[in-house]
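Participant: A predicted structure for the sequence below; I have some questions about it.
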Protein chains: 2
Amino acid sequence: MSDRKRSWLVLTDGYLTARNAKTAHGVLRYARDDIAAVIDSEHAGRDLGDVAPGLHRRAPIVASVEEGLRYRPTSLLLGVATPGGWIPQHWRRMVIEAIEAGLEIANGLHTFLRDDEELVRLAEQRGATLWDVRDPPADIPLFAGRNLDSASRVVLTVGSDCAVGKMTAALELRDAAERSGRRSEFVATGQTGILIAGKGIAVDRVISDFVAGAAERLVAEADPEADVLIVEGQGSLWHPAYSGVTLGLLHGSAPEVMVFVHQAGRTAIEEPPYTQLPPLAEMVSTYEQLASAVRPARVACVALNCGGLDDDAAARAAAEVEDATGLPAADVLRDGAARLWAAAEEALFGQPA
Amino acid sequence: MSDRKRSWLVLTDGYLTARNAKTAHGVLRYARDDIAAVIDSEHAGRDLGDVAPGLHRRAPIVASVEEGLRYRPTSLLLGVATPGGWIPQHWRRMVIEAIEAGLEIANGLHTFLRDDEELVRLAEQRGATLWDVRDPPADIPLFAGRNLDSASRVVLTVGSDCAVGKMTAALELRDAAERSGRRSEFVATGQTGILIAGKGIAVDRVISDFVAGAAERLVAEADPEADVLIVEGQGSLWHPAYSGVTLGLLHGSAPEVMVFVHQAGRTAIEEPPYTQLPPLAEMVSTYEQLASAVRPARVACVALNCGGLDDDAAARAAAEVEDATGLPAADVLRDGAARLWAAAEEALFGQPA
């Protein structure tokens, strides 16, 4: 990749509107990079803004890498969760074409490009970069609290369950913070966030002893001029499969303010063993209690994901959450994040926005 | 290694009585294997029982591998934490001698033998096994709660800090449970425990997403005839560097009863950033609250490490802890574990031992 700003050729072939393209959707919606084109033969010839208006982005949809190259991309994105995490054969041919054109290949799949000897050799020959987004750096230290001296204030999104919108809330809060005049950085901890931010560490792929150290490093290495770092949370303290990642990230990032993210109406974890969630106020106080092992922290507001509800039902759900927690609640995609950011800002800086 | 019961040649050269030999000490004290001999040129010619009476084990101390081989060991143990985790050069020569004699090499260091091409080649030639104890299996699944159907009851030792005696408490409780007539298994989650048990997974070396899955697998694959599985805990919910491992292990092993392990008088984590510990009763209730995300669990008793205190001070410390928590408290090394086990047994089976 040259020194040009990244310009994505997004490969979603056959999955552009499918749920397992959520990494591609995240980049298309939130990345501050350019989008050169999307490769999706099903919708080729149309514009992304017409096929997927919810992404709020216009870009040509093309049928092939060759056609996409006309739009001068710097990078090919593999941002669809494929069955088994492997790269399908017909995609592999497209990856080879992109490498031959000298493009950076950004791979959000579980399978790493660096383990594919042919692709590695070809990339070396052509000077193309292979970026396995989930692959953590090898030199992460143990947590030692070096980030506690950071001049930037730290906000972390935390949640009741996985996949409730912690990354989306963090990004919308970052935008709201910037609109209010605060220099802000989104700190990415998962593959979609990393692709959006252009950097970060997939903390769930780090050896468990080093999760807190990875979070510490992300905070310590963020923009030192930022007023606010908004860290993307992972998992849930009540999701048994991921709770360790959640707590390691909570302690390692050492937030001063948290934003609690919840799916309206959810009362149990959505995966086996489908454990019951405690009442909202108890979840909020548990995050506050555990975070405070490192430094005092409080939950300032609730980002309530009301996907699937109509506006009336969403308003009722938000009112119920406000009543149960005593905190402002809003759906960042429906209501915007300004009110939630105002609550976070007051908690951080002691004054309303 | 043959089908013979494991018989250890324990390499501690220069470190037999040093604190960084704690892995070797654990094996010498608790392993149910035979101890063929200890290699330690400083004390060669004497008996282990005279040099380190606290280990409660007799074994000859020799000056070399060659001399140790006379006692017909099956396995050489590298159980001293060396500076940087590397194998010193003069030890490497002893490892080569042991491989040439066909011994299994059990390595508790951070550096893996499997990364040393010369040792791997030599071991293949001689039919010797290299066992990197910290190296987790590659095929650990995500947590899915399969262990919740286990007929064995599950006890986990949990703690206020690292290195307070969670492994020791688990082993002493296992012995007490067996003396009370309960078929029991110690489930190892750290390198010393694994060497003692002959199996286990070092959960802090597992990729963070799979810690709970590793704990689930350990429980699911334990002796199906056991009445009780006593799982070795790791870290502390209040130690920021390791709390993620602690919670992943808590949720993954899904204990029904916990034993809280604490160093008498400790009020803060002993490593940076030296975070303050909450009051004892709050630590106990936090473990109960978080464990209950998977299934109801309670702390039955407190294993109070009174190392460094005289008997009067230890008795006072135990009385204070009993007063603060309402739970029986005892130092398993000073008082034995019978009373603590009786409390755990009553909590598990609803009847006094």
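Facilitator: Perfect, I can see it now.
Participant: mind listing the helices for the stretch 201-350 of chain A?
Facilitator: A:211-220, A:243-253, A:280-291, A:311-325, A:332-335, A:338-349 (DSSP state H, counting those that start in this stretch).
Participant: Which one of these lies nearest to A:E271?
Facilitator: Nearest of these to A:E271, taken as CB to CB: helix A:243-253 at 12.3 Å. Glycine gets a C-beta too; all of them are placed from N, C-alpha and C.
Participant: Distance from that closest one to the middle of the chain?
Facilitator: 16 Å (CA atoms, centre = their mean, to the nearest Å).
Participant: Let me know the pLDDT of A:G84.
Facilitator: We have a pLDDT of 75 for A:G84.
Participant: what's the burial count for it?
Facilitator: As a burial measure, A:G84 scores 9 neighbours (other CB atoms under 10 Å in any protein chain shown).
Participant: can you check the one 10 residues further on too?
Facilitator: By other CB under 10 Å, 22 other residues sit near A:M94.
Participant: Deepest-packed of the helices of the stretch 201-350 of chain A, please.
Facilitator: Mean neighbours per residue, mean count of other CB atoms under 10 Å in any protein chain shown, is largest over the helices of the stretch 201-350 of chain A for helix A:243-253, with a mean of 30.
Participant: so where do the strands sit in chain A?
Facilitator: Taking DSSP state E as the criterion, chain A carries its strands at A:7-11, A:34-39, A:61-62, A:75-78, A:104-107, A:130-132, A:153-159, A:184-187, A:228-231, A:257-263, A:298-305, A:329-330.
Participant: List the residues that contact the closest residue to chain B within the stretch 1-150 of chain A.
Facilitator: Per CB to the nearest CB, the residue of the stretch 1-150 of chain A with the smallest distance to chain B is A:G145, at 3.3 Å. When contacts are counted by CB atoms under 8 Å, 6 or more residues apart in numbering or on different chains, A:G145 is found next to A:216, A:254, A:294, B:240, B:272-273.
Participant: run the last query once more with 10 Å
Facilitator: A:212, A:216, A:220, A:251-252, A:254, A:294-295, B:240-241, B:271-275 (CB atoms under 10 Å, 6 or more residues apart in numbering or on different chains).
Participant: One more: A:V299?
Facilitator: So A:V299 contacts A:156, A:158, A:255, A:257-260, A:281, A:283-285, A:287-288, A:291, A:325, A:327, A:343-344, A:347 (CB under 10 Å, 6+ apart).
Participant: Ok, A:H239 next?
Facilitator: A:159-163, A:245-246, A:269-271, A:275, A:277, B:143, B:212, B:251, B:293.
Participant: of these, closest to A:S41?
Facilitator: Distances from A:S41 to the contacts of A:H239, taken by CB to CB, are shortest for A:A163, at 28.4 Å.
Participant: separation between the most far-flung residue of chain A relative to its centre and A:L119?
Facilitator: What lies farthest from the middle of chain A is A:Q125; by CA atoms, centre = their mean that is 32.5 Å. Per CB to CB, to the nearest Å, A:Q125 is found 11 Å from A:L119.
Participant: ok, now A:A338?
Facilitator: Applying CB to CB to A:A338 and A:L119 gives a distance of 45 Å.
Participant: and the residue nearest to A:H251 when sequence neighbours are not counted, how many neighbours does it have?
Facilitator: The shortest distance from A:H251 to any non-neighbouring residue, by CB to CB, 6 or more residues apart in numbering or on different chains, is to B:P240 (3.7 Å). Residues lying near B:P240 (other CB under 10 Å) number 32.
Participant: thinking B:P240 is in contact with B:D161, fair?
Facilitator: No. With contacts counted by CB atoms under 10 Å, B:P240 stays clear of B:D161, the gap being 11.5 Å.
Participant: Show me whatever sits in contact with both of those two.
Facilitator: With CB under 10 Å, 6+ apart as the test, B:P240 and B:D161 both reach B:269, B:271, B:275.
Participant: now, among the residues you listed, which is nearest to chain A?
Facilitator: B:T275 (5.2 Å).
Participant: who touches that closest one in this structure?
Facilitator: B:T275 neighbours (CB under 10 Å, 6+ apart): A:145, A:251, A:292-295, B:161, B:236, B:238-240, B:243, B:268-269.
Participant: Next one, pLDDT for it please.
Facilitator: pLDDT, read off for B:T275, is 90.
Participant: isn't A:L69 right up against A:E97?
Facilitator: Yes. Taking contacts as CB under 10 Å, A:L69 lies within contact range of A:E97: 8.4 Å.
Participant: who has more neighbours, those two?
Facilitator: Set A:L69 next to A:E97 and count neighbours by other CB under 10 Å: A:L69 wins out with 19 against 16.
Participant: From the centroid of chain A, which residue is nearest?
Facilitator: A:G193 (3.0 Å).
Participant: Leaving out sequence neighbours, find the closest residue to it.
Facilitator: Sequence neighbours aside, A:E232 is the residue nearest to A:G193 in space, at 4.6 Å (criterion: CB to CB, 6+ apart).
Participant: can you tell me which residues contact that neighbour?
Facilitator: A:156-157, A:166-171, A:174, A:186-190, A:192-194, A:196-197, A:200, A:203, A:218, A:249, A:253.
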